[in-house]
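K.L.:
need a 3D model of the following:
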Amino acid sequence: MKNIYLEATENSVKYFIKKYYITNILLAISGGQDSIYLIKILETLKKKLSTSKLHISYIYIDHQWKKTSNKQIKHIINYVKSIKSNIIIYQINKIILSEDECRAYRYNIIIQHAIKYKFQLIITGHNATDKIETFIQNVIKGSGIESLSNLAIKSKTFPETFILRPLLKLDREMIYWICKKFYLPIWSDSTNYLYRIQRNRIRQELMPYIKKYLHTNIENNIKSLINNYHYQNEYIKQSVIKLYLKSRHTKRAAINYKKINTQNFILQIKIIQLFCFDNFQIYLENPKLIKIINKINVKSINLSKIMNYKHFNFFINKNWFYLSIKTQKKYIIYR
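P.N.:
I've put the predicted structure just below:
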């Protein structure tokens, strides 16, 4: 059974490479079991696809969280050299303890590097266990349905750059077994046991407690829930886009709010959010969106200002909702 998962993962990467004519791949590695396993998959594919011009490069981001950072870098460099490949290493001089800040820095560096050197595909080592832990973190933060199901197997950052997460169907135990099977040199990362990192507390304390005292099948239940949320979110997004296209003005940056205020409350929020982002790249928080919806749901005929937001004013006039950009003395009104 485990060998079937092994072949399926390799075939999924192979299929993606062929489908999108990928020739340049950037693999983000950590030295842990996930990335070491991915190195094996890519190097195996490179040999199997010998007729193709497949260029693979590795990138490692050192956050300098621990005293053994230099030893881990040497370990990674030695392994990549042993397979006759190359690696790029970035060191973040500012030591950041926030997991969210580190993730933002890491993704920004990886994506900018990929764009600069024209990599078509970025591969990361996120697995099924990571997906469950991310879901729990987002629940704790009070995130919306789109954040609860946003770790997808593939996504697109820019028109020419994909992100692929081929291990999302494999849990940490399965990947560990595979690494042991092939005698892969896994680095034991001491930061996985730092309890000031929220993810580690979820992994080492919360999940074992739930499995022992509350529900032994919690991981599979969360996987099913994430899957359901994904399809619900896709349905909402499609409905929002259809309603937005029907309600927007043909010439002006405006939407007919009379066509919106009869819809479900969450659809109203999403349509206003899409309108603001589509026209002015503004992302409004829920409290401001709710304020706007409460205003436009009140019948009004005359020109009425709803609220201010940074350099913008929100207006309604007759059936239309639109924005104006603040200037020093006047407003530029998009009607």
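
K.L.:
count of neighbours near K246?
P.N.:
By other CB atoms under 10 Å, 12 other residues sit near K246. (Each C-beta comes from the backbone N, C-alpha and C, glycine too.)

K.L.:
now swap in Q112 and tell me
P.N.:
With other CB under 10 Å as criterion, Q112 counts 10.

K.L.:
immediately after the strand or helix carrying it, which helix or strand?
P.N.:
For Q112, the element it lies in under DSSP states H and E is helix 99-116. Under the assignment DSSP H and E, the closest C-terminal helix or strand after helix 99-116 is strand 121-123.

K.L.:
partners of that next one in the sheet?
P.N.:
Applying DSSP bridges to the sheet, strand 121-123 is found paired with strand 24-29 (parallel), strand 161-164 (parallel).

K.L.:
dump the ones you listed to a markdown table, plus mean pLDDT and distance to Q64.
P.N.:
Shown next, in a markdown table, are the strands paired with strand 121-123 (pLDDT from 0 to 100; distance: least, CB to CB, whole Å):
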| stretch | mean pLDDT | distance to Q64 |
| --- | --- | --- |
| strand 24-29 | 94 | 17 |
| strand 161-164 | 92 | 25 |
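
K.L.:
tell me the most buried of those strands?
P.N.:
For the strands paired with strand 121-123, ranked by mean neighbour count under the definition mean count of other CB atoms under 10 Å, the leader is strand 24-29 at a mean of 22.

K.L.:
now do the helices in the protein.
P.N.:
2-19, 33-48, 69-82, 99-116, 128-141, 145-148, 172-181, 198-201, 207-213, 218-247, 265-280, 286-296 (DSSP state H).

K.L.:
tell me how far the last one lies from the chain's centre.
P.N.:
Yep, that's helix 286-296 we're talking about. Distance of helix 286-296 from the chain centroid (CA atoms, centre = their mean, to the nearest Å) equals 27 Å.

K.L.:
got the contact list for that helix?
P.N.:
With CB atoms under 8 Å, 6 or more residues apart in numbering as the test, helix 286-296 has contacts from 257, 260-261, 265, 268-269, 272-273, 284, 304, 306-307, 309, 314, 316, 321.

K.L.:
please name the residues that touch I25.
P.N.:
I25 touches I17, L42, L54, H55, I56, S57, F119, Q120, L121, I122, I123, counting by CB under 8 Å, 6+ apart.

K.L.:
please name the bridge partners of the last one.
P.N.:
Listed by DSSP bridges, the beta-bridge partners for I123 are L27, L164.

K.L.:
next, count neighbours for it.
P.N.:
27.

K.L.:
how close does it sit to Y37?
P.N.:
Look at I123 and Y37: by CB to CB, to the nearest Å, they are 11 Å apart.

K.L.:
could you give me the buried positions within stretch 68-88?
P.N.:
Q72, I73, I76, Y79, V80, S85, I87 (16 or more other CB atoms under 10 Å).

K.L.:
other residues contacting that stretch?
P.N.:
29, 31, 36, 39, 43, 56-60, 62, 66, 89, 113, 185, 187, 189-190.

K.L.:
circling back: between the helices of the chain, which one is closest to K154.
P.N.:
helix 2-19 (7.1 Å; CB to CB).

K.L.:
selection in ChimeraX covering whichever of the contacts of stretch 68-88 are buried, please.
P.N.:
Buried subset of the contacts of stretch 68-88, written as a ChimeraX selection, criterion 16+ other CB under 10 Å:
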select :29,31,36,39,56,57,58,59,60,62,113,187,189
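
K.L.:
now intersect the contacts of stretch 68-88 with the strands, please.
P.N.:
Taking DSSP state E as the definition of strands, the contacts of stretch 68-88 contribute I29, I56, S57, Y58, I59, Y60, D62, I89.

K.L.:
closest to R201 among those?
P.N.:
D62 (23.5 Å).

K.L.:
was I right to think the closest one contacts Y90?
P.N.:
Yes: D62 lies in contact with Y90 (CB atoms under 8 Å); the separation is 6.9 Å.
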